[in-house]
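**Student:** Please work out how this folds:
(one chain, ligands or ions: 2)
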Amino acid sequence: MANPMINKDRLRNKFEELVKIDSVSKHELKIALNLAKTLEKMGGKVFFDNSKKETKSDCGNLIAKFRGNVDVEPIFLSGHMDTVSPGNNVNPIFENGIFRSDGTTILGADDKSALAIILEVLKVIFENKLRHPPIEIIFTTCEEIGLLGAKNLDFTLINSKLGYILDSTDTEGIATNAPAANKISIKVFGKAAHAGGAPENGINALSIASKAISRLKIGRIDHESTCNLGTIKGGIATNIVPDLIEIEGEVRSHDETKLENITNKIKESFLKSREEFCNEVNIPKIEFIVENDFPKTDIPKDSHVVKLAQKASENLGRKLETKIIGGGADANIFFSKGIMPGVLGTGMKEVHTVNEWIRLDDMLKTAELVLEIIKIHCSGK
Ligand code: ZN
Ligand code: CA
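**Tutor:** Ligands and ions are numbered 1, 2, ... in the order given. So this is what the prediction gives:
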């Protein structure tokens with residue numbers, strides 16, 4: 001029997017429909033209801049978790065369960081429902097096989113290409129009555145604002161031990177490694193004084209901070225670690241010695257020991273500056289807060305989730321290479337919960353900009369790949 005075909009027009013229309021629904025982070029309810037309706041019509045049991053209490057979104061993560069007709073392990077398919085800004089009133093333009101926005105907003109292929117692809121795969125499965133495992137659909141909220149949806153996802157509702165998250169660019173890659181990250185916020189407290197009248201009575205918090213920063217290596221630290229200080233604020237007027245400077249930054253590394261060491265080095269540099277400027281007890285002061293932003297993803301290259309996708313790709317006459325990525329995504333959270341998430345690309349390009357674009361044929365390719373994965377998974381191989 002010939003392979004059932006992905007319906008390209010239907011995929012195109014669904015993608016267009018979804019990008020036209022505003023869903024900037026924390027405002028996913030509208031698109032979630034649209035998706036829920038479609039999933040229910042296909043026979044899915046749809047519900048939301050309680051994460052909105054924590055995320056402050058207008059809805060929870062959407063979960064849909066489909067019973068299998070083959071006795072094999074369940075598999076999950078996932079993408080995120082939210083977009084970055086400017087993401088309202090998207091007016092998609094389709095030309096020469098490529099979707100773009102009209103240049104005033106993002107397109108939202110990140111990550112609505114995933115949503116459209118997953119729905120299309122399900123449609124093909126059910127309309128052709130294909131053999132399929134129990135399938136769990138997980139559409140998260142607030143991915144773009146610190147993976148908040150995934151971080152607060154109720155994982156007791158999920159039975160799958162492996163699955164695929166569609167949320168990257170490369171249609172011939174599967175991301176298996178992503179770094180862990182720390183978020184850092186630093187407050188440097190000095191002492192205010194009139195800059196003209198009595199500067200010697202002050203302790204300049206900006207001087208302390210800049211001295212600390214000048215000692216630090218920032219940017220790419222080594223082949224698997226990066227570090228950035230991204231925002232700085234403080235000071236009130238040119239004639240006042242600033243008594244408070246606030247700095248925010250991040251450290252990422254694929255090696256968790258390095259993550260800790262680099263974070264500590266930053267802290268030590270600020271503490272050293274404190275000593276150098278210290279002329280009174282307890283002044284200046286450094287407040288250094290580290291928040292573990294997300295844990296790393298480290299999926300073995302020979303794990304089932306990778307092998308399965310590579311076999312599927314091979315069946316389609318394509319390659320699928322394992323990739324190391326520098327960003328954190330929902331996958332980091334899934335992995336930390338003991339679930340194996342293979343991250344697949346949908347072809348989305350220049351995401352988070354108004355130039356974002358995606359080729360319909362790339363979405364089609366990913367849909368074919370996911371369908372083939374499901375097929376092989378059913379054969380228990
Ligand atoms: Zn994304
Ligand atoms: Ca994104």
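
**Student:** only C-alpha atoms for contact and neighbour calcs from this point on.
**Tutor:** Will do.

**Student:** shouldn't M348 be in contact with S168?
**Tutor:** Yes - with contact defined as C-alpha atoms under 8 Å, M348 reaches S168; the gap is 7.0 Å.

**Student:** number of nearby residues for the residue found closest to R220 once you drop the neighbours it is linked to in the chain?
**Tutor:** Nearest-residue entry for R220: T226, 4.4 Å, with adjacent residues in sequence omitted and distances by C-alpha to C-alpha, 6 or more residues apart in numbering. T226 sits with 21 neighbouring residues when counted by other C-alpha atoms under 10 Å.

**Student:** for T226, helix, strand, or coil?
**Tutor:** Following DSSP: H, G, I helix; E, B strand; the rest coil, T226 is assigned to strand.

**Student:** and what of the one 4 residues further on?
**Tutor:** Per three-state DSSP, the local secondary structure of G230 is strand.

**Student:** circling back: what about M348 and S168, which has more around it?
**Tutor:** Using other C-alpha under 10 Å, the more surrounded residue of M348 and S168 is M348, with 27 against 22.

**Student:** Report the contact partners of the more buried one.
**Tutor:** The contact partners of M348, by C-alpha atoms under 8 Å, 6 or more residues apart in numbering, come to 109-110, 113, 168-169, 356-359.

**Student:** still on that earlier bit, between M348 and S168, which contacts overlap?
**Tutor:** Any residue near both M348 and S168 by C-alpha under 8 Å, 6+ apart counts here, and that gives D110.

**Student:** still on that earlier bit, looking at neighbours, which among the contacts of M348 is most surrounded?
**Tutor:** Each of the contacts of M348 was scored by neighbours using other C-alpha under 10 Å; the highest score is S113's, at 34 neighbours.

**Student:** thought that residue was touching L364?
**Tutor:** No - judged on C-alpha under 8 Å, S113 makes no contact with L364 at a distance of 10.0 Å.

**Student:** on that earlier part again, let's have the contacts of M348 in a markdown table, adding pLDDT and distance to ligand 1.
**Tutor:** Output for those, formatted as a markdown table (pLDDT from 0 to 100; distance: C-alpha to the ion, whole Å):
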| residue | pLDDT | distance to ligand 1 |
| --- | --- | --- |
| A109 | 98 | 8 |
| D110 | 97 | 5 |
| S113 | 98 | 10 |
| S168 | 94 | 7 |
| T169 | 94 | 9 |
| E356 | 98 | 12 |
| W357 | 98 | 13 |
| I358 | 98 | 13 |
| R359 | 98 | 16 |
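
**Student:** Give me the subset of those residues lying in helices.
**Tutor:** Counted as lying in helices by DSSP state H, out of these, are 109-110, 113.

**Student:** now the strands: where do they sit in the stretch 201-350 of the chain?
**Tutor:** In the stretch 201-350 of the chain, the segments counted as strands under DSSP state E, counting those that start in this stretch are 219-222, 225-234, 244-253, 285-294, 297-298, 321-324, 340-345.

**Student:** Nearest approach to K311 belongs to which of those strands?
**Tutor:** When the strands of the stretch 201-350 of the chain are compared by C-alpha to C-alpha, strand 321-324 sits nearest K311, at 11.4 Å.

**Student:** neighbours around the residue of the stretch 201-350 of the chain found nearest ligand 1, how many?
**Tutor:** Per C-alpha to the ion, A329 is where the stretch 201-350 of the chain lies closest to ligand 1, at 7.4 Å. If you count neighbours by other C-alpha under 10 Å, A329 ends up with 24.
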